[in-house]
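1. fold the following, please.
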Amino acid sequence: MKAIIIMSLLMIGEAKAQSTKKTMQEQIAALQGYIQTAEKGYRIVSDGVHAINGIKNGEFNLHSAFFNSMQKVNPAIKHTAMVAEIITLQIAIVNQCKRIVAQSSYTHSVCNNLINESLKDIDALMLVITDGKVQMSDDERIVCIAKIHADMQDKYMFSQSFVNRANSLNVQQQQALNDITVLKQLNK
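-> Reported below is the predicted structural model:
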């Protein structure tokens, strides 16, 4: 009977060992499944991070290209008729001021201010049509050039009117002086 009990205990022990072995094998299989799932998850996250970096860098490169392009002036804008006319008008303003026959301190001051203001317009124009100075779209540059052009036309028209009036006043003064001289001679 002792032998039967020992055999029964051995069989129970062997059954428990097989049961434990089977449980351990099932746990190993489950852990391998978790490892595979974790590896897939890691690959998905890693691919996502790389995709986000690619998008971010691509977006940054697009923005950089856009802002760099806004610093370059389109050659067609640099060589528009308005740009040439602005420069021509500035030269004409200087030449108009040279036409004043008799320069008083007032006419001299007005001409100096007019020339200085027209030079400021030329400086603004150079800023707009020189690469790397300002970030503007082509449309913004054209609007700015058109405004400078209109301002320069106003200054030129003022210079013409002012010079003509100053010279006309000078002629009237000369006539008045001649009339006074003639009257003085007649009264002698």
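2. run a quick neighbour tally on residue 38.
-> Per other Cβ atoms under 10 Å, the neighbour tally for residue 38 reads 10. Quick note: C-beta positions are derived from backbone N, CA and C, even for glycine.
3. tell me how far the most centrally placed residue in the chain lies from residue 141.
-> Most central in the chain under Cα atoms, centre = their mean is residue 135, positioned 2.3 Å from the mean C-alpha point. Note on residue 135: its distance to residue 141, by Cβ to Cβ, to the nearest Å, is 10 Å.
4. cool, and residue 84?
-> Taken as Cβ to Cβ, the span from residue 84 to residue 141 is 15 Å.
5. who's more crowded, the two?
-> Shown here are residue 84 and residue 141; by other Cβ under 10 Å, residue 141 has more neighbours (19 against 10).
6. thought that one was touching residue 75?
-> No. Look at residue 141 against residue 75 with Cβ atoms under 8 Å: they stay out of range, at 11.8 Å.
7. give me the domain ranges for the protein.
-> 1-71, 74-186 (automatic domain parsing).
8. quick check: end-to-end length of the longest one?
-> In other words, domain 74-186. 71 Å (Cα to Cα, to the nearest Å).
9. which parts of the helix or strand harbouring residue 86 are buried?
-> If you go by DSSP states H and E, residue 86 is part of helix 81-98. Judged by neighbour count using 16 or more other Cβ atoms under 10 Å, the buried positions of helix 81-98 are 82, 83, 86, 89, 90, 92, 93, 96, 97.
10. sweet, I'm off.
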